[in-house]
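J.: Predicted coordinates and the sequence they were generated for:
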Amino acid sequence: MADLACPSCGTDVAISLDVTCVTVCPSCLKVLERSDVGLVDRGVLAPLKETRSRLRVGLRGRYEYKFFTVCGRVQVTESGGNLWDEWYAAFDGGQWGWLAEDRGRIWLSMAVEHPGYVPKFSQVRAGDVLTFEGRSYTVSEVDTGQVVAAEGEIPFHFTPDERLPFADLSGADGGFGTIDYTFDPPRVYLGRELPVDAFKLERDIDLHVEGEPPTKPAPPESICPGCQKKVELRTPGETVRAICPHCDMLCDVDGRALKAIRKVVIQSNAGPRMWVPLGATGTLRGEKLTVVAWRLRSVFKEGVRYPWQEALLYGDKGYRYLDCADGHFTLGRSIAAGEVSMDNAIVRYQGKKFERFSIGDAVTEAIVGEWPWRVDPFERNPVAEFVAPPLLLARELGEGEIDWTLTEHVDADEVAAAFPTGRVPPPNGVGAAQPFKHSHIFRIWRWAVLALVVGFTFKCSTASDAVVLDQIVSLDALPPNGTGGYTLTNRLAQKPTETFPPAEAGQPLVVTTDAFDLAGGKNVLIEARAGVDNSWVFAAGQMLNEETGDLQPFSLEVSYYHGVDGGESWSEGGQTTDTRVSSMPGGPTRVQLEIERDPALTRPLELNLIVREDSPNVLYLFLTLLFISILPFIAWILKSSFERARWENSDYPKHTDE
Amino acid sequence: MKKLSFFSKFSLALTVFLVGGTLYLWFGGKELFTENREKAEATSPDHTPGSVGHSRRIYGFGYIGYHGGK
């Protein structure tokens, strides 16, 4: 460690790292460049702005298994006016990296020794895809920054007025990078966005306890340079531009100071009217949010104006966008450009597919409030929307910048409940990201079909389908008056055929089968086969448990007719039939049949009776599938109409009558 | 359930009823469209209506009254 004196004010300045190029005098804020002859004054910086950072110079911390010390910090603004912190972290062992911080989000990046091909600054464009270390990165921003404030030790040379050209890179899974064009050749830093709790800090910083500035400084009172009236900023540490609520003067914001740019004409008559007042606070989707800005934007297509409102909300997790078009709301946030991939008309984000919906050049028609970027009401920005209801991805191209916003449909009722002071416009038509409210029906149907198929498959695989009786009833030839006798043959039990006499005069022929054992608790399938040909045989039957006396009636008819009519053959019925009965108690059981047959069927007739136990009924599968599909079918018709209405508003209509 | 529309809730209830009923039929050994089960009234072979006089035990055929067919 070297202790040196500031050449400007004489304050002792310590330098602890070999790679330090510049340090900042804590007293006079001079930029002191390290040289062989000591420290050289390179100019003065502005005081640091409070950014509510978790980090502090001198803080020790750990990332994964590496310990680091925060040695320095620079505050950089880009041309849009955004200000962010970059913390210089020196890891134990000699490595160092940058912790970039912007509105609560933190990125860690480290220098890449051999980055390969790096395009020149004049060649790189927002939206370009570059490859470093085998990974693809989308150029999210090309701009020139400026160090406006700093503290501690800094590992590169700079002067307060120096412009620092850079290109920000955005990759998948939070990948992040920067091409620093202040070096020749350019340096590439790669890293990723980290959750704020990825760091293990030496101590939790309690700004109040440590006597540092409070986390939320009291809103300063600023004076509008246009009307000399007080302007109260709601997010003074974040605001870059604001519109005076008294005289509509658009002002740059620098701390408390406002610098007039020009007046903004509010076209209030063009409509729609601002639905929520500035300063309104509400809890939406679990976040407490305050309306800090609002603007009315439009695109014009073939002479038709399509307006929408954008409310900028601020909460503990940063900014949120609450857009309203035709009374349909979407709530969202900015996302990294590298998280989005495009393939012709399809955009993918986190594996979800979005379809292109609209495209146009957005103009601002009215604007109020305070903005965290250098908002330009006189700019025309190409915008595009991609939908995967209830989600909507919006892309906006600025000067050297590509911004993606992920929003989700929010019901107007939910918005009205969150912001009771607002006047939520009634929804008109179908919103771009509005979900079909009965979509759950299709999910329910899919689960039901799965349950049915699995249930039936399981039942079939475990069902015994056992033949418990296979009896042949051989009916004698039918005499002119009487029933004729019959014989019984049991094909399962090896027993001799039994012969039985006809029924008594005037009585029907009743046949009782051999006894068989039922396991009980299972359904029973009774099959009958008879060699009928243009005739019929009918049996009114009952199944009887001999122990309990339970009696289950049923009937069977075997009927088969066929012939030729007008040169075409036809047939009706068949020589087999079956019926099912519910489970019977277990035990010895018999079947009794009262048999009638076609009086013309006088020849001997063989009737084969087969009884199966535990035979799954596939009819219920089809019947249930049919019944559970009725409501989904109605919902599908409604959804088709709903989607047609949605895509009628699109620049890429999918549903046309052509 | 809060986000389900009434139509969806109705569909869910109906679907659960139908699928549950079907599984009950399959695994409970039940069949629809069958006549009600009853208890036999007479078990004596000598007093059973419809007896044809052979040695088999014949039970209450008074239930069988259908003489349909072609």
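T.: Yep, it's here. Numbers count the residues shown, from 1 in each chain, chains lettered A, B, ... in the order given.

J.: my read is A:T457 is in a strand, agree?
T.: No: applying DSSP: H, G, I helix; E, B strand; the rest coil, one finds A:T457 to be helix, outside a strand.

J.: tally of neighbours for it?
T.: Using other CB atoms under 10 Å in any protein chain shown, A:T457 is surrounded by 12 other residues. Placement of C-beta: from N, CA and C, glycine included.

J.: helix, strand or coil for the residue of chain A found nearest chain B?
T.: Distances between chain A and chain B by CB to the nearest CB are smallest at A:S583, namely 3.3 Å. Following three-state DSSP, the label given to A:S583 is coil.

J.: Contacts only, for it.
T.: A:G520, A:G521, A:K522, A:N523, A:V524, B:G28, B:G29, B:K30 (CB atoms under 8 Å, 6 or more residues apart in numbering or on different chains).

J.: which residues of chain B score low on pLDDT?
T.: Per-residue confidence for chain B (pLDDT under 70) gives these ranges: B:1-2, B:41-70.

J.: For it, just list every one of the strands.
T.: With DSSP state E as the criterion, chain B has strands at B:38-39.

J.: Could you check which helix or strand contains A:I359?
T.: strand A:352-371 (DSSP states H and E).

J.: Looking at the helix or strand just after that strand now, give me its mean pLDDT.
T.: Toward the C-terminus, strand A:352-371 is succeeded by strand A:380-388 as the next helix or strand (DSSP H and E). For strand A:380-388, mean pLDDT rounds to 93.

J.: mind exporting stretch A:459-477 as PDB, just the C-alpha atoms?
T.: Extracted as PDB, the C-alpha positions of stretch A:459-477 are listed here (Å, rounded to 0.1, in the frame of the first residue of the first chain):
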ATOM      1  CA  LYS A 459     -58.100 -51.700 -15.300                       C
ATOM      2  CA  CYS A 460     -57.500 -53.800 -18.400                       C
ATOM      3  CA  SER A 461     -54.100 -54.800 -17.300                       C
ATOM      4  CA  THR A 462     -55.300 -56.000 -13.900                       C
ATOM      5  CA  ALA A 463     -58.800 -57.400 -14.900                       C
ATOM      6  CA  SER A 464     -59.000 -61.200 -14.800                       C
ATOM      7  CA  ASP A 465     -61.700 -61.400 -17.500                       C
ATOM      8  CA  ALA A 466     -62.100 -65.000 -16.400                       C
ATOM      9  CA  VAL A 467     -64.500 -67.400 -18.100                       C
ATOM     10  CA  VAL A 468     -66.500 -68.900 -15.200                       C
ATOM     11  CA  LEU A 469     -69.100 -70.700 -17.300                       C
ATOM     12  CA  ASP A 470     -69.100 -72.100 -20.800                       C
ATOM     13  CA  GLN A 471     -72.300 -74.000 -21.300                       C
ATOM     14  CA  ILE A 472     -73.900 -75.400 -24.400                       C
ATOM     15  CA  VAL A 473     -77.700 -75.700 -24.500                       C
ATOM     16  CA  SER A 474     -78.700 -78.000 -27.300                       C
ATOM     17  CA  LEU A 475     -82.400 -77.500 -28.000                       C
ATOM     18  CA  ASP A 476     -84.300 -80.300 -29.600                       C
ATOM     19  CA  ALA A 477     -86.300 -79.800 -32.800                       C
END
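
J.: list the buried ones in it?
T.: For stretch A:459-477, burial by neighbour count (16 or more other CB atoms under 10 Å in any protein chain shown) applies to A:K459, A:A463, A:V467, A:V468, A:L469, A:D470, A:Q471, A:I472, A:V473, A:S474, A:L475, A:D476.

J.: Save the residues you listed as JSON lines, and put in pLDDT and distance to A:G81 too.
T.: Below are those laid out as JSON lines (pLDDT from 0 to 100; distance: CB to CB, whole Å):
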{"residue": "A:K459", "pLDDT": "95", "distance to A:G81": "69"}
{"residue": "A:A463", "pLDDT": "93", "distance to A:G81": "74"}
{"residue": "A:V467", "pLDDT": "95", "distance to A:G81": "86"}
{"residue": "A:V468", "pLDDT": "95", "distance to A:G81": "88"}
{"residue": "A:L469", "pLDDT": "95", "distance to A:G81": "91"}
{"residue": "A:D470", "pLDDT": "95", "distance to A:G81": "92"}
{"residue": "A:Q471", "pLDDT": "94", "distance to A:G81": "95"}
{"residue": "A:I472", "pLDDT": "94", "distance to A:G81": "98"}
{"residue": "A:V473", "pLDDT": "94", "distance to A:G81": "99"}
{"residue": "A:S474", "pLDDT": "94", "distance to A:G81": "103"}
{"residue": "A:L475", "pLDDT": "92", "distance to A:G81": "102"}
{"residue": "A:D476", "pLDDT": "91", "distance to A:G81": "108"}
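
J.: Show me the domain layout of chain B.
T.: Domain assignment of chain B by automatic domain parsing yields the ranges B:1-32, B:39-70.

J.: just the contacts of A:S583 now: which is nearest A:Y486?
T.: For these, the minimum distance to A:Y486 (CB to CB) is 23.2 Å, reached by A:V524.

J.: Restricted to strands, list the buried residues of stretch A:459-477.
T.: For the buried residues of stretch A:459-477, membership in strands holds for A:V467, A:V468, A:L469, A:D470, A:Q471, A:I472, A:V473, A:S474, A:L475, with DSSP E as the criterion.

J.: got a list of what the second one touches?
T.: With contact taken as CB under 8 Å, 6+ apart, A:V468 is in contact with A:L492, A:F516, A:D517, A:L518, A:V611, A:R612, A:E613.

J.: What degree of burial does the residue nearest to A:R305 when sequence neighbours are not counted show, as a neighbour count?
T.: Leaving aside its sequence neighbours, A:R305 sits nearest to A:S298 (CB to CB, 6 or more residues apart in numbering or on different chains; 5.1 Å). Using other CB under 10 Å, A:S298 has 18 other residues around it.

J.: A:E370 now?
T.: Counted with other CB under 10 Å, residues neighbouring A:E370 total 25.

J.: buried ones in the helix or strand hosting A:V347?
T.: Using DSSP H and E, A:V347 sits within strand A:346-349. Using 16+ other CB under 10 Å as the test for burial, strand A:346-349 gives A:V347, A:R348, A:Y349.

J.: Who does the first one form a beta bridge with?
T.: It refers to A:V347. For A:V347, the beta-bridge partners are A:M342, A:F354 (DSSP bridges).

J.: Pull the contacting residues for it.
T.: A:V340, A:S341, A:K353, A:F354, A:R356, A:F386, A:L393.

J.: domain parsing for chain A?
T.: Here the domain assignment for chain A is A:2-201, A:265-418, A:436-463+A:617-658, A:468-615, based on automatic domain parsing.

J.: Export those domains to JSON lines and append columns for distance to B:S11.
T.: Output for those, formatted as JSON lines (distance: least, CB to CB, whole Å):
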{"stretch": "domain A:2-201", "distance to B:S11": "38"}
{"stretch": "domain A:265-418", "distance to B:S11": "20"}
{"stretch": "domain A:436-463+A:617-658", "distance to B:S11": "4"}
{"stretch": "domain A:468-615", "distance to B:S11": "29"}
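
J.: mean pLDDT for these: which is lowest?
T.: Here the lowest mean pLDDT among the domains of chain A goes to domain A:2-201, at a mean of 83.
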